[in-house]
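**Q** here is a sequence with its predicted model. Questions after.
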Amino acid sequence: MLRVTEPLRTERLLLRTLTADDLDDVFAYAGRDDVIRFLPWPKRNRDEVAEHLARRLNTTLASDGDVIVLGMELPPSPDDPAERPRIIGDMTLVLSSVEHRQATIGWVLNPEYQGKGYAAEAASRVLTLAFDDLHSHRVIAELDPRNTASSSLCTRLGMRLEAHFVHSEIFKGEWGDLAVYAILDVEWNARNALDG
């Protein structure tokens, strides 16, 4: 079992449980066509995003299918102390199988903050959480292979492409492919040992 009650820190971000107060920031990316294009949910209006946000406040992974979602909070710039912290995206960790020590990772990032390494920084911290605290043996990421930014992120994280399912499901009204990337605990630990 894993319970996340305290925020997780990275070099530039705070990863924390989302709250209802984050609605404006979450809607700023979750309501965008270019963000939801490759995600398995429809475009939502502000009220629908608020409802979805309210269902994503879990802090515990104990049983198969449990999910935690951590907002990527960007602190204010030191040059502008009046600026407020901002949620720029979120990280999802799913406990896929307790018995087989499997987890699934996912991410969403506001396009205004892409290309700055924030997703890689946050995903690396969540993978460390999955392996060190949840004791996962294997973590996967499932994505639409047309989402080249996410595919590249998987590669940067040391995940390997394990499967590419062609026309595996109807996705937003048309046949869609599914790419599955994965990394094992021994691979993650070896990678971190080299970086350390």
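**A** Perfect, thanks for sending it.
**Q** and the residue lying closest to Glu73 once chain neighbours are set aside, how many residues sit next to it?
**A** In this structure, Glu73 finds its nearest non-sequential neighbour in Leu14, 4.2 Å apart by CB to CB, 6 or more residues apart in numbering. Just so you know, the C-beta spots here come from the backbone N, C-alpha and C atoms, and that holds for glycine as well. If you count neighbours by other CB atoms under 10 Å, Leu14 ends up with 17.
**Q** list the contacts of Leu14.
**A** 7-8, 73, 75, 85 (CB atoms under 8 Å, 6 or more residues apart in numbering).
**Q** do Pro145 as well
**A** By CB under 8 Å, 6+ apart, the neighbours of Pro145 are 151, 164, 177-179.
**Q** one more pass at 7 Å, please.
**A** Neighbouring residues of Pro145 by CB atoms under 7 Å, 6 or more residues apart in numbering: 151, 164, 177, 179.
**Q** any idea of the pLDDT on it?
**A** At Pro145, the model reports a pLDDT of 95.
**Q** can you list the contacts of Leu14 in JSON lines and add pLDDT, secondary structure and distance to Pro42?
**A** Converted to JSON lines, the contacts of Leu14 look like this (pLDDT from 0 to 100; DSSP: H, G, I helix; E, B strand; the rest coil; distance: CB to CB, whole Å):
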{"residue": "Pro7", "pLDDT": "94", "secondary structure": "coil", "distance to Pro42": "30"}
{"residue": "Leu8", "pLDDT": "96", "secondary structure": "strand", "distance to Pro42": "30"}
{"residue": "Glu73", "pLDDT": "97", "secondary structure": "strand", "distance to Pro42": "26"}
{"residue": "Pro75", "pLDDT": "90", "secondary structure": "coil", "distance to Pro42": "32"}
{"residue": "Pro85", "pLDDT": "93", "secondary structure": "coil", "distance to Pro42": "29"}
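**Q** top of those residues by neighbour count?
**A** Those, ranked by neighbours (other CB under 10 Å): first place Glu73, 20 neighbours.
**Q** wait, isn't that one in contact with Gly89?
**A** No. With contacts counted by CB atoms under 7 Å, Glu73 stays clear of Gly89, the gap being 9.7 Å.
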